[in-house]
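Engineer: A predicted structure for the sequence below; I have some questions about it.
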Amino acid sequence: MTHDIPLEVLYKKLRNHFGFLDWWPGETPTEIFVGAILTQRNSWKNVEKAIKNMKKNNALSIRYISSCNEQVLAKIIKTVGFSSQKSRYLKQIFIDILTNYGSLENLFALKKEALRKKLLSMKGIGNETADSIILYAAGKRKFVIDAYTKRIMHRVYGIDENIKYEKLQDYFENNIKKDLRLYKDFHAQFVELGKNYCKTRPLCSACPLNLVCRKIGL
DNA sequence: ACCCAGGTGGCCC
DNA sequence: GGGCCACATGGG
């Protein structure tokens, strides 16, 4: 990345506007793990319904999922898109974890890069999902890049919208404080901004994001 | 009737 | 390495 982007300033302005978010909607590591997969290419509303339904059916556990009937689980999470595919992936993932580690806790005890590599080896988990799990479920510092982050960095700072995931991630990780809460909250701020103000695609000059950026001085 | 959502894997060249 | 496509549901 050639130009200097004032990431700390960007963060402060977003935080002043939205308040401290420090967020992932989920209470347990298992819930966050599952939610990270369910939310791929889906609105969080659909995910919420699916998680709620899993709880109701006692299906939100590694034991249940690893020994489930895929069609049954697919029905339980039916409100999210790609439910049958995700049901299959989830089962395989938790079979892997249960047989090779015994628990999420043991899996998360791996060193960060080993954990990332292991997560990426599982079908259904790519860069963003792996990093969301590492950051929010395992509680290790890893900067999550998502579509909103790319879109906003492109819109506001003109970075290449097709920039590679790791490249943008490295840029953030090399230019902000190494602080877990900052990593969590910064990503949350991007999502909040993107969700509320950046719905149009492709992004046109009339996108409300422009107005907000002006308002908060980006 | 479109288009989109907090991606990913498979297949092609 | 990049360029497509399937995956499937709910909301605007």
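Structural biologist: In hand now; what should we look at?

Engineer: Give me the nearest residue to the residue nearest in space to the middle of chain A, chain neighbours excluded.
Structural biologist: For chain A, the residue sitting closest to the mean C-alpha position, by C-alpha atoms, centre = their mean, is A:Ser132 at 4.1 Å. Leaving aside its sequence neighbours, A:Ser132 sits nearest to A:Ala36 (C-beta to C-beta, 6 or more residues apart in numbering; 4.4 Å). Yep, even glycine has a C-beta here, placed from its N, CA and C like the rest.

Engineer: Quickly check: the helix or strand containing that neighbour near DNA strand B or not.
Structural biologist: Take DSSP states H and E as the rule and A:Ala36 turns out to sit in helix A:29-38. Yes: judged by C-beta under 7 Å from any atom of the strand, helix A:29-38 comes into contact with DNA strand B through A:Ala36.

Engineer: helix or strand right after that helix?
Structural biologist: helix A:44-56.

Engineer: circling back: from what I can see the residue nearest to the centre of chain A touches A:Phe143, true?
Structural biologist: No: between A:Ser132 and A:Phe143 there is no contact under C-beta atoms under 8 Å: 10.7 Å.

Engineer: list residues touching both of those two?
Structural biologist: Residues touching both A:Ser132 and A:Phe143 (C-beta atoms under 8 Å, 6 or more residues apart in numbering): none.

Engineer: Within range of DNA strand B, give me the residues from chain A.
Structural biologist: Where chain A comes near DNA strand B, counting by C-beta under 7 Å from any atom of the strand, the residues are A:24-25, A:36, A:39-44, A:46, A:81-82, A:85, A:122-130, A:132, A:136, A:146-148, A:191, A:194-195, A:199, A:201-202.
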